[in-house]
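The sequence isn't on hand, but the structure is:
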């Protein structure tokens, strides 16, 4: 009995732990010189507006390899430095939740004050991620029109997905599978309704940082995913304060002509993290 209780406790603790593989991404690669020889001891630093005042650093190992782990979704700049070599800088590296950006860097012999700067979006195809996954970045999330019913509204407009109802987007069908067969997570935690199996028709659609939807080939860790996997990353906040407000109004004349009671609804301004 004690052994069985201990097993249940261990399993419970494992399930309660956050899944960082679903909420953060990583940048990795190899640093070499002009002769293609690996360079141990190089310092790789990543900065991003999503981490104000903070940087993530790593040092290349004996094989010249480095890894920058647990990076929140966003756009990053990396800098590679090693004494006796010119520094390397690259901007606009897009990191997504559960994604891997591979950057192999070549350093030229020269003074550390000399630098090579590269700017450009990282490749869309992630060769280290299994399955067909579509990611909506924060820029796309803020630009897409919504019915504002539920977070599944973000997924229902993707290729291969449809709304589960003809007149509402508070449910989503993926590649022909019903809403109850879609595994949903928010910040790495399960988000499925315990009764129906589908996603809850709640959630703040204004507090979404990124949405990734795996249409086919989801990892085995999603045991429930018979259809697809939708993972929502919420905004963690920065040192910028912003807010928004909504107002609904119905013309009294139109209501009176229709023989209906006048209806007015006003929502108070809400604080929203950016």
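Yep, that arrived. If you're wondering where the values come from, they're calculated on a predicted model, not measured in any experiment. Residues are numbered from 1 along each chain as shown.

Going by C-alpha atoms from here, please, whenever you check contacts or count neighbours.
Fine.

can you map out the helices along this protein?
Using DSSP state H, the helices assigned to the chain run over residues 2-16, 20-23, 138-143, 252-258.

Check those for me: which has the lowest mean pLDDT.
Within those, the least confident segment by mean pLDDT turns out to be helix 2-16, at a mean of 46.

where's residue 47 relative to residue 99, distance?
When distances are taken as C-alpha to C-alpha, to the nearest Å, residue 47 and residue 99 turn out to be 17 Å apart.

do the same with residue 59
Taken as C-alpha to C-alpha, the spacing of residue 59 relative to residue 99 amounts to 21 Å.

of the two, who's got more company?
Each of residue 59 and residue 99 had its neighbours counted (other C-alpha atoms under 10 Å), and the higher figure belongs to residue 99 (24 against 19).

Does the closest residue to that one other than its chain neighbours have any beta-bridge partners, and if so which?
The shortest distance from residue 99 to any residue that is not its chain neighbour, by C-alpha to C-alpha, 6 or more residues apart in numbering, is 4.9 Å, and that residue is residue 25. Bridge pairing for residue 25 (DSSP bridges) gives the partners residue 71.

my guess is residue 25 contacts residue 73, does it?
Yes. The pair residue 25 and residue 73 passes the contact test of C-alpha atoms under 8 Å, sitting 6.6 Å apart.

Spit out the residues that contact the two alike.
Any residue near both residue 25 and residue 73 by C-alpha atoms under 8 Å, 6 or more residues apart in numbering counts here, and that gives 95, 96, 97.

ok, now how distant is the closest residue to residue 160 other than its chain neighbours from residue 76?
Closest residue to residue 160 apart from its sequence neighbours, by C-alpha to C-alpha, 6+ apart: residue 175 at 5.1 Å. Distance of residue 175 to residue 76, computed by C-alpha to C-alpha: 33 Å.

Kindly report the same for residue 158.
Taking C-alpha to C-alpha, one finds residue 158 at 26 Å from residue 76.

Compare the two (neighbour count), which wins?
Set side by side, residue 158 and residue 76 give different neighbour counts by other C-alpha under 10 Å, the larger being at residue 76 (21 against 16).

Can you tell me how far the more buried one is from residue 149?
Taking C-alpha to C-alpha as the measure, residue 76 and residue 149 are separated by 32 Å.

Then residue 98?
Relative to residue 149, residue 98 is positioned 26 Å away (C-alpha to C-alpha).

Give me the more crowded residue out of these two.
When residue 98 and residue 149 are compared for neighbours, residue 98 comes out ahead with 22 against 16, by other C-alpha under 10 Å.

Surely the more buried one touches residue 27?
No. With contacts defined as C-alpha under 8 Å, residue 98 does not count as touching residue 27, sitting 11.0 Å away.
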